[in-house]
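**Student:** got a predicted model here, sequence first, then my questions.
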Amino acid sequence: MGSAAVRDVVRDVVAKVAPEELPVVDGLVLFDDATVVRRLRRGGNRRDPLGFGLGEIVVMVTPVVWLVMEQIAEKAAGAAVDGTAKGAKALLRKVFRKRSAPVVIPPLSKDQLAEVWRRVQEAALQRGMSEDRAKQVADEVVARLFLESPDSDESN
């Protein structure tokens, strides 16, 4: 049992609940996680928000899952890193054209998994998903993360 890369969780969840979005995920994984998050946050503000020709596809699950998983990973890692240090790291990556390591979600407790479920459902509802669809996405995210949690090993 260990941590899970955000991109792996996103791909697994999208494959189960929105396989039509897999081409979007496959396109996004070509970028580092910071770039993906920036592009997904910009969302509908530009004609081609994702930057690789998929602007007309209605993408709902991918940004919800990716952005919430990114937030959870930052929070779990104690991402209270000074903004100046973050900016300096980003600048150095640009200068040396080095991709940042994929963002990882550490194993989560049951309480943390409940928080993830709530955040995913809330984000999905804000994006216009039906309540049933939002619950389905939240359930799938938590199920995927549970596979990585230390508690899930106890039943074996």
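**Tutor:** Done, it's in.

**Student:** secondary structure element holding residue 40?
**Tutor:** Using DSSP states H and E, residue 40 falls within helix 33-42.

**Student:** that helix - what's its average pLDDT?
**Tutor:** Throughout helix 33-42, pLDDT has a mean value of 88.

**Student:** could you list every helix and strand in contact with that helix?
**Tutor:** helix 6-17, helix 22-28, helix 61-76 (3 or more C-beta pairs under 8 Å, 6 or more residues apart in numbering; DSSP states H and E). Backbone N, C-alpha and C define where each C-beta goes, glycine included.

**Student:** could those helices be laid out in JSON lines, adding distance to residue 111, mean pLDDT and mean neighbour count?
**Tutor:** Formatted as JSON lines, the entries for the helices and strands packed on helix 33-42 read as follows, by distance: least, C-beta to C-beta, whole Å; pLDDT from 0 to 100; neighbours: other C-beta atoms under 10 Å:
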{"stretch": "helix 6-17", "distance to residue 111": "19", "mean pLDDT": "95", "mean neighbour count": "21"}
{"stretch": "helix 22-28", "distance to residue 111": "28", "mean pLDDT": "93", "mean neighbour count": "18"}
{"stretch": "helix 61-76", "distance to residue 111": "12", "mean pLDDT": "90", "mean neighbour count": "23"}
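
**Student:** quick one: which of the ones you listed is nearest residue 139?
**Tutor:** Closest approach to residue 139 among these is made by helix 6-17 (8.9 Å; C-beta to C-beta).

**Student:** what's the angle from the closest one to helix 33-42?
**Tutor:** Between helix 6-17 and helix 33-42, the angle formed by their directions is 50 degrees, by axes from the mean of the first three to the mean of the last three C-alpha atoms, to 10 degrees.

**Student:** contacts for helix 6-17?
**Tutor:** Contacts of helix 6-17 from elsewhere in the structure, counted by C-beta atoms under 8 Å, 6 or more residues apart in numbering, are 21-22, 25, 28-29, 33, 36, 61-62, 65-66, 69-70, 73, 102-105, 136-137, 140-141, 144-145.
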